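J.: Mind folding the following:
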Amino acid sequence: MTSGHERRGRERIRFSWPFWFGYEGYGEFNRGQIIDLNSSHVSFTTEKHLCPAVGCNLMVRFSYPLNQRDLFEMDSYAHWAEVVRVDSDRSHSQRVTMRLHRPITLDQPQTQSQQEEQLAQTA
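T.: The predicted structure is shown next:
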């Protein structure tokens, strides 16, 4: 799940679902595509002309799997988040990382012994 150039200290869940962001007063949300998520940050791509600037606080909405074992066990987030990083992804899109103002709870990945114990209990 992580690679040698990993900058984050927390495990992340990778998936590709819609991500909505905007300014509360305008009532209009822009669409992005989630890349990955951990308990305190979310990364997504969006079109270059819709990209928010670093430091912006935006209202965000998205649904997410609680773990990588069961993508059907889901929750939703609708709260504020702050843009902490923007990188060029492709010629017409940007990769944006946001810090969630209200952290979310994700299930921790099971270790091999936990998986074996769970299998033994269900056998």
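J.: Next, residue 23: phi, psi?
T.: Residue 23 adopts backbone torsions of phi -100, psi 130, taken as degrees, to the nearest 10.
J.: quick one: contacts for the residue lying closest to it once chain neighbours are set aside?
T.: In space, and not counting its chain neighbours, residue 23 is closest to residue 58: 6.4 Å by CB to CB, 6 or more residues apart in numbering. Where you see a C-beta, it was placed from the backbone N, CA and C, and this is true even at glycine. Residues near residue 58 by CB atoms under 8 Å, 6 or more residues apart in numbering: 21-23, 52, 80-83, 98.
J.: So residue 88, which state does it fall into?
T.: State at residue 88, reduced to three classes by DSSP: H, G, I helix; E, B strand; the rest coil: strand.
J.: tell me which helix or strand of the protein sits lowest on mean pLDDT?
T.: helix 112-122 (a mean of 58; mean pLDDT, DSSP states H and E).
J.: Name the residues linked to the residue nearest to residue 23 by a beta bridge.
T.: Using DSSP bridges, the beta-bridge partners of residue 58 come out as residue 81.
J.: Could you check the pLDDT of it?
T.: We have a pLDDT of 95 for residue 58.
J.: cool, residue 89 as well?
T.: Model confidence at residue 89 (pLDDT) stands at 76.
J.: That one and residue 59, how far apart?
T.: Using CB to CB, to the nearest Å, one obtains 23 Å as the distance from residue 89 to residue 59.
J.: Then residue 51?
T.: In terms of CB to CB, residue 51 sits 16 Å off from residue 59.
J.: Show me which of these two is the more surrounded one.
T.: residue 51 (20 against 17; other CB atoms under 10 Å).
J.: Double-check the more buried one against residue 87; I have them as touching.
T.: No. With contacts counted by CB atoms under 8 Å, residue 51 stays clear of residue 87, the gap being 10.2 Å.
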